[in-house]
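S.K.: Sharing a model that was predicted from the sequence below.
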2 protein chains.
Amino acid sequence: MQPYFVLVRPQMGENIGAAARAMANFGLNRMRIVDPRDGWPNPKAVAMASGAGRLLDGAQIAAGTADAIADCTAVYATTARARGLTKRVLTPEAAMAEATARIAGGERVAVLFGPERAGLENDDIARAEAIISVPVDPDFPSLNLAQCVLLTAYEWRRQTAESQPERMEFARTEPASAVEIEKLGDHYEKVMDEAGFFFPATKADGMKLVMRNMWARLPLTRADVQLLHGVLRQLVRWKDRG
Amino acid sequence: MQPYFVLVRPQMGENIGAAARAMANFGLNRMRIVDPRDGWPNPKAVAMASGAGRLLDGAQIAAGTADAIADCTAVYATTARARGLTKRVLTPEAAMAEATARIAGGERVAVLFGPERAGLENDDIARAEAIISVPVDPDFPSLNLAQCVLLTAYEWRRQTAESQPERMEFARTEPASAVEIEKLGDHYEKVMDEAGFFFPATKADGMKLVMRNMWARLPLTRADVQLLHGVLRQLVRWKDRG
């Protein structure tokens, strides 16, 4: 098994093709693409990918970031900074070592790459449990999309080519998938909205983002998610009984 | 001191500029260029280098590979294969670790990068004491010049930067203390008890333990704890309002 490399809202077809080539150099072939600006399929992507065209043929298209990672239990976001969200920050090396161990333990892993100019938005980053930050010179950070993909893929190859790392152990339960975390976030957001929690209105979006980020960042198990749903359902029932 | 990155007979100015940017990302600024096809200076190189233009201004031009490495005592050649020459073959990681040690010992190090299509010739490779081979997938080796420079520069940076363990980026907050976690657990236990969550009574102790364990296991920040208190308080207020 391999990680999914998820290109979030990529703009130029050429860059999608270049990212495919970068992946193929290191034996990766699972690409997902969120809402590509110029639609899909994209002839410019195919032309640039040249020998890596088959990788593009197999790329999965998703309407949003949440859909693209729904079946994954470990999600990493490549970005220069956490932009005010609380989050673990890993080097590409440490992240790919962790990803290798988690895949060996049966998990599905996704790595998010942002659009060419702006990079990932807070809404995307909030859905990741950790950030991958390439240790570039802070005075000259100029990696493009394909280069960021290349370095991450290179580290994947380095980690997997070496001896098998330790497995992750989970007690009596499994990690929650991204779709389970997403639904937990939806549940809390909906009920707390009804309860008048997001007040004043000018701060509502920020508060929702902070809460969404908290759920994504915490290493919740399926049992945790069930418990947290149960807590909320019970409180609503309690209220309804008056 | 840094290694010299020596571009041997590069063809397109754009690729020289892209190589300069790749180096600058990782703090390298010593470029030498052997016999550039389109002469020097090259406006296309400058345009592509953008912020790394100063690196190009300082580039040293040589007529041949031997001249470009004349003052160096350790020379590495990046190439996919040794082409029948007997030579040590190193990964970028091993090569940059060795280069770091040799520079620390007072040596001057050069790394040769070949022209875009053909790569280094045997005459160039024969002047190197070892080969750097990027561990690409043998079925899809398609690194371009700037990508090869990028990966080598990245490994240089990895070897020389102080070890970068995982760090945590926090938004205006710190990890919660044990007493804060304890109080959060008390708050949830008390309210959920009143709400009739711990039912049936025979299972109440077990459920409380599971919930207490969850709060303790999760890496909660102070901001998370405040948010989770706030969620519960708001739900109680909502209930009380009927």
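M.R.: Received the coordinates, thanks. If you're wondering where the values come from, they're calculated on a predicted model, not measured in any experiment.
S.K.: So in chain A, which helix runs the longest?
M.R.: Longest helix in chain A, counting residues (DSSP state H): helix A:222-241.
S.K.: for residue A:119, helix, strand, or coil?
M.R.: Secondary structure, DSSP: H, G, I helix; E, B strand; the rest coil: residue A:119 is coil.
S.K.: Identify the residues contacting the closest residue to it other than its chain neighbours.
M.R.: Among residues not flanking residue A:119 along the chain, residue A:79 sits closest, at 5.7 Å (C-beta to C-beta, 6 or more residues apart in numbering or on different chains). Just so you know, the C-beta spots here come from the backbone N, C-alpha and C atoms, and that holds for glycine as well. By C-beta atoms under 8 Å, 6 or more residues apart in numbering or on different chains, residue A:79 lies in contact with A:114, A:119-120, A:125, A:131-133.
S.K.: possible to save those residues as JSON lines with pLDDT, secondary structure and distance to residue A:181?
M.R.: Shown next, in JSON lines, are the contacts of residue A:79 (pLDDT from 0 to 100; DSSP: H, G, I helix; E, B strand; the rest coil; distance: C-beta to C-beta, whole Å):
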{"residue": "A:114", "pLDDT": "97", "secondary structure": "coil", "distance to residue A:181": "20"}
{"residue": "A:119", "pLDDT": "92", "secondary structure": "coil", "distance to residue A:181": "22"}
{"residue": "A:120", "pLDDT": "95", "secondary structure": "coil", "distance to residue A:181": "17"}
{"residue": "A:125", "pLDDT": "93", "secondary structure": "helix", "distance to residue A:181": "14"}
{"residue": "A:131", "pLDDT": "93", "secondary structure": "strand", "distance to residue A:181": "17"}
{"residue": "A:132", "pLDDT": "95", "secondary structure": "strand", "distance to residue A:181": "19"}
{"residue": "A:133", "pLDDT": "93", "secondary structure": "coil", "distance to residue A:181": "22"}
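S.K.: Tell me the secondary structure at the residue nearest to the spatial centre of chain A.
M.R.: For chain A, the residue nearest the mean C-alpha position is residue A:75 (3.8 Å; C-alpha atoms, centre = their mean). Using three-state DSSP, the secondary structure recorded for residue A:75 is strand.
S.K.: What of the one 10 residues further on?
M.R.: Assigned with three-state DSSP, residue A:85 falls in the coil class.
S.K.: burial measure for it, as a count.
M.R.: Applying other C-beta atoms under 10 Å in any protein chain shown, we find 23 residues neighbouring residue A:85.
S.K.: Do you have the strands of chain A handy? List them.
M.R.: Per DSSP state E, chain A carries strands over the ranges A:4-8, A:31-34, A:60-62, A:74-78, A:87-90, A:109-113, A:130-132.
S.K.: mean pLDDT lowest for which of those?
M.R.: Among the strands of chain A, strand A:87-90 carries the lowest mean pLDDT, at a mean of 90.
S.K.: quick one: low-confidence ranges for chain A?
M.R.: By pLDDT under 70, the low-scoring segments of chain A are A:82, A:162-173.
S.K.: now with 80?
M.R.: Chain A contains residues with pLDDT under 80 at A:81-84, A:161-173, A:242.
S.K.: domain assignment for it?
M.R.: For chain A, automatic domain parsing gives the domain ranges A:4-160, A:178-241.
S.K.: circling back to that earlier point, okay if I get the strands of chain A as a markdown table plus distance to residue A:161?
M.R.: Formatted as a markdown table, those follow (distance: least, C-beta to C-beta, whole Å):
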| stretch | distance to residue A:161 |
| --- | --- |
| strand A:4-8 | 18 |
| strand A:31-34 | 21 |
| strand A:60-62 | 26 |
| strand A:74-78 | 20 |
| strand A:87-90 | 19 |
| strand A:109-113 | 17 |
| strand A:130-132 | 19 |
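S.K.: Those: which one's closest to chain B?
M.R.: The closest of those to chain B is strand A:87-90. By C-beta to the nearest C-beta, the value is 5.0 Å.
S.K.: partners of the closest one in the sheet?
M.R.: Strand A:87-90 has the following strand partners under DSSP bridges: strand A:130-132 (parallel), strand B:167-169 (antiparallel).
S.K.: quick one on the thing from earlier: can I get the contacts of residue A:79 in TSV with neighbour count?
M.R.: Formatted as TSV, the contacts of residue A:79 follow (neighbours: other C-beta atoms under 10 Å in any protein chain shown):
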residue	neighbour count
A:114	22
A:119	19
A:120	23
A:125	26
A:131	25
A:132	26
A:133	21
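S.K.: Of those residues, which is the nearest to chain B?
M.R.: Chain B lies nearest to residue A:131 out of the contacts of residue A:79, by C-beta to the nearest C-beta, at 7.1 Å.
S.K.: Check the contact between the closest one and residue A:86; I expect there is one.
M.R.: No - look at residue A:131 against residue A:86 with C-beta atoms under 8 Å: they stay out of range, at 10.6 Å.
S.K.: circling back to that earlier point, just the domains of chain A: most buried one?
M.R.: domain A:4-160 (a mean of 20; mean count of other C-beta atoms under 10 Å in any protein chain shown).
S.K.: Please, where are all the helices along chain A?
M.R.: A:13-25, A:43-49, A:53-57, A:65-68, A:92-104, A:122-125, A:145-161, A:178-194, A:201-217, A:222-241.
S.K.: got those as TSV, with distance to chain B columns?
M.R.: Below are the helices of chain A laid out as TSV (distance: least, C-beta to the nearest C-beta, whole Å):
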stretch	distance to chain B
helix A:13-25	4
helix A:43-49	10
helix A:53-57	9
helix A:65-68	20
helix A:92-104	6
helix A:122-125	11
helix A:145-161	6
helix A:178-194	6
helix A:201-217	5
helix A:222-241	4
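S.K.: Tell me which of the ones you listed sits nearest to residue B:98.
M.R.: For the helices of chain A, distance to residue B:98 was read as C-beta to C-beta. The smallest value, 16.8 Å, belongs to helix A:145-161.
S.K.: Run through the neighbouring helices and strands of that closest one.
M.R.: Contacts defined by 3 or more C-beta pairs under 8 Å, 6 or more residues apart in numbering or on different chains; DSSP states H and E place helix A:145-161 against strand A:4-8, helix A:13-25, helix A:92-104, strand A:109-113, helix B:145-160.
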